[in-house]
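S.K.: Here's my sequence, what's the structure:
(one chain, ligands or ions: 1)
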Amino acid sequence: MSVTGETYTCNNCGATYEKAWTDEESLAQTKVDFGVHVRADDEATLCDACYALMIEWWDSLSAEQRARIARNAGYGDTAESGP
Ligand SMILES: [Zn+2]
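M.R.: Take a look at the predicted model:
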């Protein structure tokens, strides 16, 4: 964790916070927590509280539901092509 001095706006609650993680660190953590490749250009920035809720929700899904969501969002391992 490093302090970047930048701010971000949470996509879920709309609040603005100071970035405690770099984009790179955030993406790496997302990969660990969700097991999907979130693209850097995908602006699904969440604050810590909303991120925790998202993980809770994700954990409550079945493997099939997760796979479908990841596929629809283009987070699959092979889905690197844009629209
Ligand atoms: Zn939030």
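
S.K.: Quick one: name the residues of this protein near the ion.
M.R.: On the criterion CB under 5 Å from the ion, the ion has as its neighbours in the chain the residues Cys10, Asn12, Cys13, Cys47, Cys50. Just so you know, the C-beta spots here come from the backbone N, C-alpha and C atoms, and that holds for glycine as well.

S.K.: Would you indicate which residues of the worst-scoring helix or strand of the chain on mean pLDDT are buried?
M.R.: Using mean pLDDT, DSSP states H and E, the weakest-scoring helix or strand in the chain turns out to be helix 23-34, at a mean of 84. Neighbour-count burial for helix 23-34 flags Ser26, Leu27, Thr30, Phe34 (criterion: 16 or more other CB atoms under 10 Å).

S.K.: distance between the ends of stretch 32-51?
M.R.: 13 Å (CA to CA, to the nearest Å).

S.K.: Strands of the chain, start to end?
M.R.: Secondary structure of the chain (DSSP state E): strands located at 7-9, 16-18.
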